[in-house]
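**Student:** with the sequence up front, the predicted model follows.
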Amino acid sequence: MKDASRMKKVELHRHLELSLRAATIKELAPSFGIQLANEADYLDRFVIREPMHNLGAVLNKFLDTQLLLASPEILERITYEACLDAYDEGVRILELRYAPTFVRHRHENMTFQTIHNAMVKGAQRAEAEKPIAVGFNCIIQRILPVKEAEYVTDFAIENKGTFIGLDLADNEEGFDSKPFAPFFARAKAAGLGITVHAGEVNLPEAPGYVKDAIDYLGATRIGHGLQIYRDPQIIEYVRDRGVVLELCPTSNYLTQAVKGGFHNLPYHKLYDEGVRVTFNSDDPGIFATNLNREYEILQRECGFTLDELAQCNETAVKASFIATDKKAKAWSKA
Ligand SMILES: [Zn+2]
């Protein structure tokens, strides 16, 4: 197997809130009342390593991480570190995403703007030090009231100089995307890119969620979307529109998007069908992964060659919402 670690890469789908370094978590946790006596404690509180069956335990890990996102200083630091970590994985074009409502949830002393400014500052610091282009996507949580989505949309549009796109995330089962259509239409009109989490969950109706995201929300990129493998007509629909899938191997394995291990992920089938696919890490902190590990899995378990992965990166360069000049400049460097 050829080593992909030195290959330059694009990351389109990385949640900043769940990309904290282990060392940073261990350093911060005690001041938030979380005592970590040893590595086992850390893994138990903050890392998901096994396919998710016990959803309560998983949710607690998200909440423990959320508790640490408590100040502008911390947010600037974790953003800076996330950018440097991505750079070390070979990433030259990096899209981070976060949900302002998730970060603010237990830290109402901070406004959305305070949160965003701190993150932008962290990213700019990394960009000043390394040849990496960083952009932010703003996430609407579909599980929250639609009114919240309106605030988040306004916030994203007000900051369209530093946000590059709008996303819809969280549990798609039972949370129809249609009520969000007016917000996505406004964001698109304001020049933001549209990516939507859809077709992730292992359900027969999941391919329809992808079609809804394209038809009602104007998505040109889909977070995950792998479930379209179930429906040849939707594969064709996605391919003919040039919609890009942001696939995330470890994440799809841990959420049991398909049963039976990495080798059952339908990625190569989608690639062979001509769907534009890209590979991403989703939540590298909480899933204890990174993009190099994902590329190893893609080579070892999913049958991708290094040349094919390079081609997927070219797809991702084109699909990135980061301004053309900025991304071209970062990509042209070694
Ligand atoms: Zn995601």
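**Tutor:** Thanks, I have it.
**Student:** how about the backbone phi and psi for the closest residue to the ion within the stretch 101-250 of the chain?
**Tutor:** Nearest residue of the stretch 101-250 of the chain to the ion, counting by CB to the ion: residue 223, 4.9 Å away. Glycine gets a C-beta too; all of them are placed from N, C-alpha and C. Torsion angles at residue 223 (phi, psi; degrees, to the nearest 10) stand at phi -70, psi 120.
**Student:** Three-state assignment for the residue lying closest to it once chain neighbours are set aside, please.
**Tutor:** Distances taken as CB to CB, 6 or more residues apart in numbering put residue 197 closest to residue 223, at 3.8 Å, once the chain neighbours are dropped. Following DSSP: H, G, I helix; E, B strand; the rest coil, residue 197 is assigned to strand.
**Student:** give me every residue that touches residue 197.
**Tutor:** Neighbour list for residue 197: 167-170, 172, 222-224 [criterion: CB atoms under 8 Å, 6 or more residues apart in numbering].
**Student:** how about the residues you listed, which pair is most distant?
**Tutor:** 170 and 222 (14.9 Å; CB to CB).
**Student:** please enumerate the strands of the stretch 101-250 of the chain.
**Tutor:** Using DSSP state E, counting those that start in this stretch, the strands of the stretch 101-250 of the chain run over 133-141, 163-169, 193-198, 221-224, 244-247.
**Student:** what is the orientation angle of the longest one with strand 193-198?
**Tutor:** Angle of strand 133-141 versus strand 193-198, following axes from the mean of the first three to the mean of the last three CA atoms, to 10 degrees, is 50 degrees.
**Student:** does the residue of the stretch 101-250 of the chain closest to the ion touch residue 198 like I think?
**Tutor:** Yes - with contact defined as CB atoms under 8 Å, residue 223 counts as touching residue 198 (6.9 Å).
**Student:** count the neighbours of the residue nearest to residue 127 when sequence neighbours are not counted for me.
**Tutor:** Leaving aside its sequence neighbours, residue 127 sits nearest to residue 134 (CB to CB, 6+ apart; 5.7 Å). Residue 134 has 28 neighbouring residues, counting by other CB atoms under 10 Å.
**Student:** helix/strand/coil for the residue of the chain most remote from its centre?
**Tutor:** For the chain, the residue at maximal distance from the C-alpha centroid (CA atoms, centre = their mean) is residue 37, at 30.6 Å. The three-state label given to residue 37 by three-state DSSP is coil.
**Student:** my guess is residue 142 contacts residue 174, does it?
**Tutor:** No - the criterion here is CB under 8 Å, and residue 142 misses it with residue 174 at 9.7 Å.
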